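Colleague: Could you look at this predicted model? Sequence included:
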Amino acid sequence: MLAPRRFICSSFLSMLLVALGCGQPAVEQTEPATTHAAASEAEATPLPGARAKVILVPLRSFPDDLLVAVEQALETELAVEVEVHAPVELPEAAYYPPRKRYRADALLDFLDSYAADAGIDPSVKLLGLTEVDISTTSEPHEDWGIFGLGRSPGQSAVVSSKRLSRRPKNREHVRFRLATTSVHEIGHTFGLPHCQEEQAGCVMLDAEGGIENTDANTGKLGPSCAKKLEYLTLF
């Protein structure tokens with residue numbers, strides 16, 4: 001059983017060893033007071049050996065076991081240091097009344113402002129995690145429900161458990177989906193595009209709105225994406 005989660009800026013690291021060896025800047029998909037971390041807690045320099053720092057920001061409430069699964073996957077698959085911040089309220093400006101869900105692009109803007117207000121260095125990535133349904137514009141659809149969205153490259157990404165929790169085999173299956181989608185969206189923030197190597201089962205494959213595609217990937221970077229990430233994070 002997972003130990004109760006403490007909502008403090010905790011961090012720990014497990015290294016990912018990747019074998020050397022899938023793009024233009026874009027947004028990629030797959031009232032309580034707002035609480036910000038002190039700037040001193042969000043320094044850009046990650047722990048020795050870590051590729052970068054990622055801050056998890058629960059938007060409203062978020063299940064503890066899913067939060068832990070995301071944290072562990074990011075540390076393992078992307079070799080990043082992870083901090084967890086206290087939950088913040090969802091911004092009213094992001095709510096889309098006609099479909100009763102939240103616009104993911106507006107949530108990314110909110111996370112960017114959260115980082116700026118808290119004095120978080122632009123090199124630090126933010127991942128918003130929420131249980132509410134999220135959407136974006138995807139032609140020809142003005143409001144298309146999605147699993148997650150991340151700027152590529154950029155600072156912020158957001159992932160929702162709403163659609164990823166549909167018809168799972170068990171709870172572990174939901175954890176896998178959340179972890180995989182989170183790695184995918186943070187991968188976009190580093191500049192990784194969608195992978196084209198379907199045979200590799202890469203985590204950066206485009207889910208194309210289908211949960212079966214998320215279930216089919218390995219949750220890991222394929223060889224070419226691992227090599228590209230090494231290059232993108234050298235500078």
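Modeller: Perfect, I can see it now. Numbering: from 1, shown residues only.
Colleague: contacts and neighbour counts: CA atoms only from here.
Modeller: OK.
Colleague: On the three-state scheme, the residue of the chain most remote from its centre is what?
Modeller: Computed with Cα atoms, centre = their mean, the maximum C-alpha offset from the centroid of the chain is found at residue 98, amounting to 25.9 Å. Reduced to three states with DSSP: H, G, I helix; E, B strand; the rest coil, the structure at residue 98 is coil.
Colleague: do residue 107 as well
Modeller: On the basis of three-state DSSP, residue 107 is classed as helix.
Colleague: Would you confirm that it contacts residue 158?
Modeller: Yes: using Cα atoms under 8 Å as the test, residue 107 is close enough to residue 158 to be in contact (7.2 Å).
Colleague: in the lengthiest helix in the chain, what's buried?
Modeller: Secondary structure of the chain per DSSP state H: the longest helix is helix 171-189. Taking 16 or more other Cα atoms under 10 Å as the neighbour-count basis, helix 171-189 is seen to contain the buried residues 174-189.
Colleague: Over to stretch 127-142?
Modeller: Applying a neighbour-count criterion of 16+ other Cα under 10 Å, the buried positions in stretch 127-142 are 127-136.
Colleague: In CSV, list these along with distance to residue 231, pLDDT and secondary structure.
Modeller: As requested, the buried residues of stretch 127-142 are exported to CSV (distance: Cα to Cα, whole Å; pLDDT from 0 to 100; DSSP: H, G, I helix; E, B strand; the rest coil):
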residue, distance to residue 231, pLDDT, secondary structure
127, 22, 99, strand
128, 26, 99, strand
129, 28, 99, strand
130, 31, 98, strand
131, 34, 98, coil
132, 35, 98, coil
133, 34, 98, coil
134, 32, 98, strand
135, 31, 97, strand
136, 30, 96, strand
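Colleague: What is the burial count for the residue nearest to residue 95 when sequence neighbours are not counted?
Modeller: Of all residues not flanking residue 95 in the chain, residue 102 sits nearest, at 4.4 Å (Cα to Cα, 6 or more residues apart in numbering). If you count neighbours by other Cα atoms under 10 Å, residue 102 ends up with 23.
Colleague: so when I look at residue 150, I'm seeing a strand, right?
Modeller: Yes: checked against three-state DSSP, residue 150 lies within a strand.
Colleague: Just the element for the nearest residue to it once chain neighbours are set aside, please.
Modeller: Once flanking residues are discounted, residue 150 sits nearest to residue 157: 4.0 Å by Cα to Cα, 6+ apart. Per DSSP states H and E, residue 157 falls inside strand 156-160.
Colleague: and that strand, C-alpha only, in PDB?
Modeller: Written as PDB, here are the backbone C-alpha positions of strand 156-160 (Å, rounded to 0.1, in the frame of the first residue of the first chain):
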ATOM      1  CA  SER A 156       4.200  23.600 -19.300                       C
ATOM      2  CA  ALA A 157       2.100  20.600 -19.900                       C
ATOM      3  CA  VAL A 158      -1.200  19.300 -18.500                       C
ATOM      4  CA  VAL A 159      -2.700  15.800 -18.300                       C
ATOM      5  CA  SER A 160      -6.200  14.700 -17.200                       C
END
